[in-house]
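>>> Quick one, fold the following:
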Amino acid sequence: MTNVMPVWMGRPNPLAVAARAIILVVACAAVVVPFVAIISTSISTQEGITDSGGFVLIPSHVSLAAYQAVLAGGVVTKAMAVSIGITVVGTSLSLAATVGLAYSLSRPGSLGHKPMLLLTLFTLLFNPGMIPMYLLVKQLGLLDSYASLILPVLINAFNVIVMRSFFLEIPQELVESARIDGAGELRILGNIMLPLARAVIAVIGLFYAVSYWNSFFSALLYMNSTDKWPMQLVLRTFIVNETPIGTDVAATGADVMPPQLSIQMAILVLSMFPILLLYPFLQKHFAKGLMIGAVKG
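Below you'll find the predicted structure:
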């Protein structure tokens, strides 16, 4: 009987390798080129933007006047501080609530285990809608407060299910041995569960942080004071609505105002920069955390 070699063990076809390489290069270019164009345009002069017909890939003259104008205006810096505060506080509260709820749902003997699990799954399948959510926030007196950007989205049901799946995969014998040694539930959670859950906590925390940082629709609905706007809502006002930024030219140290397109791209770069700093620190946990709960072994 002739042994047939599996496809994945055979020598790769040069045409297939070349096709995969071309697809990979095109996909990378589709991601990298717009990002480079945004950064290059933000540091370009009016002459460079005019000569390129809009977005600039390689700036002929580098100028930081757009960043000076944005940071000197005060609107963007305050909005960035608001977004950082909402992201840090919201992510911390969401992680604490998600871990607590997931751990309680993973303990079969906990009080109200099945009703709470069904309620969590119900919220995963059915969204309350925009108008009922707005009426609830208004009834609770949370309008025009930072709490309206955190409390309505404090817990994500999908993240709770992922975290619960991880807790269920931890051997029960480990928990029972801790109970025999006199450990309570809080000590088991803090000394056993959380150290083992670093990868999934890092990934879920990243999801929460990106969600809080990129959220603008909640601020658009609930925030009436413009001085409380987060970064994404300011970004939408300056770029989508093309509202000119009121900046004192003398404060920037420049003789003329930087081009409006450079200012818009500078705001866009500043809005992306803080959240991009998280990825290098969480990258080692990302792949492992995504697979947790996906495969039972």
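>>> any weak-confidence spans in the stretch 151-297 of the chain?
For the stretch 151-297 of the chain, the stretches with pLDDT under 70 are 240-256, 282-297.
>>> what about the strands in it?
Read by DSSP state E, counting those that start in this stretch, the stretch 151-297 of the chain holds no strands at all.
>>> ok, now how distant is the spatially closest residue to Leu220 that is not a sequence neighbour from Ile267?
Sequence neighbours aside, Leu233 is the residue nearest to Leu220 in space, at 6.1 Å (criterion: Cβ to Cβ, 6 or more residues apart in numbering). All C-beta spots, glycine's among them, are computed from the backbone N, C-alpha and C. The gap separating Leu233 from Ile267 is 12 Å, by Cβ to Cβ, to the nearest Å.
>>> who has more neighbours, those two?
Applying other Cβ atoms under 10 Å to Leu233 and Ile267 shows that Ile267 carries more neighbours, namely 26 against 21.
>>> Mind telling me which residue is nearest the centre of the protein?
Closest residue to the average C-alpha location of the chain: Val210 at 1.0 Å, with Cα atoms, centre = their mean.
>>> Break this structure down into its structural domains.
As given by automatic domain parsing, the domain ranges for the chain are 12-63, 64-297.
>>> Name the stretch among those that sits most buried.
Neighbour counts (mean count of other Cβ atoms under 10 Å) averaged over each of the domains of the chain peak at domain 64-297, with a mean of 16.
>>> Roughly how far does the residue nearest to the centre of the chain sit from Ala96?
Look at Val210 and Ala96: by Cβ to Cβ, they are 18 Å apart.
>>> Could you do Val88 as well?
In terms of Cβ to Cβ, Val88 sits 13 Å off from Ala96.
>>> Next: Asp51.
On the measure of Cβ to Cβ, Asp51 and Ala96 end up 53 Å apart.
>>> Where is the longest helix in the chain?
The single longest helix within the chain, with elements called by DSSP state H, is helix 75-106.
>>> helices and strands around it, which ones?
In terms of contacts (3 or more Cβ pairs under 8 Å, 6 or more residues apart in numbering; DSSP states H and E), helix 75-106 is packed against helix 113-125, helix 157-169, helix 198-214, helix 231-235, helix 260-276.
>>> pLDDT on stretch 30-39, on average?
Averaged across stretch 30-39, the pLDDT comes to 89.
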